[in-house]
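*Asks:* Structure for this input, please:
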Amino acid sequence: MSETRKDTQGSPLPSDELLTVSEMVRRTGVAASALRFYEELELIAAVRTAGNQRRYARHMIRRVSLISVAKRLGIPLSDVQDAFADLPRDATPSQEDWQRASGRWKRTLEERRRGIERLEEELMGCIGCGCLSMKACGLLNPDDALAGGGSGPRRLD
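*Replies:* Next up is the predicted model:
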């Protein structure tokens, strides 16, 4: 018995283009619970069979793979959401769709890289200055201005 699966607009999808949850887990290495979480965040989408089982369009593999890479690199899911914002979830994204998404993501990554480079420069200058005192350090805490905010780290950026 074969069931007809439909996309979000109600159009029939070929069954060989849809993957079960276990197939997605096997293909992407991502837990089923993570797939459900990504659905809640609208990073990916699933269709439902007549028996209410989730099925994923084959093109969702790329999305899940990119989410996995982003997580390994420490990129917040909110940044991934921004990058995926204009990508269609109910159809295979075109080359142009992916180029727009990658352009947004590239800008985000460039901003992060510049921030890391600034931090590296500040740390290398601070480590190299030899003052051995955060109170005396003119770079991170000029005139010990942060002491009024209490003990512990005050400056995280």
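
*Asks:* Grab the nearest non-local neighbour of Thr20.
*Replies:* Arg55 (6.4 Å; Cβ to Cβ, 6 or more residues apart in numbering). All C-beta spots, glycine's among them, are computed from the backbone N, C-alpha and C.

*Asks:* give me the number of residues near Glu23?
*Replies:* By other Cβ atoms under 10 Å, the residues close to Glu23 number 14.

*Asks:* Likewise for Leu66?
*Replies:* Residues within reach of Leu66, counting by other Cβ under 10 Å, total 19.

*Asks:* wait, is it part of a helix?
*Replies:* Yes. Assessed by DSSP: H, G, I helix; E, B strand; the rest coil, Leu66 belongs to a helix.

*Asks:* mind checking pLDDT for it?
*Replies:* Per-residue pLDDT puts Leu66 at 89.

*Asks:* distance of the closest residue to it other than its chain neighbours from Arg100?
*Replies:* Nearest residue to Leu66, sequence neighbours excluded (Cβ to Cβ, 6+ apart): Val80, at 7.2 Å. Per Cβ to Cβ, to the nearest Å, Val80 is found 14 Å from Arg100.

*Asks:* And the two? Which one has more around it.
*Replies:* Shown here are Val80 and Arg100; by other Cβ under 10 Å, Val80 has more neighbours (22 against 16).

*Asks:* tell me what the top helix by length along the chain is packed against?
*Replies:* The residue-count maximum for a helix in the chain (DSSP state H) belongs to helix 95-129. Helix 95-129 sits against helix 77-84, with contacts defined as 3 or more Cβ pairs under 8 Å, 6 or more residues apart in numbering; DSSP states H and E.

*Asks:* The helix it packs on - what's its average pLDDT?
*Replies:* Across helix 77-84, the average pLDDT comes to 88.

*Asks:* what sits up against that helix?
*Replies:* For helix 77-84, contacts defined as Cβ atoms under 8 Å, 6 or more residues apart in numbering pick out 41-43, 63, 66-67, 70-71, 101-102, 104-105, 108.
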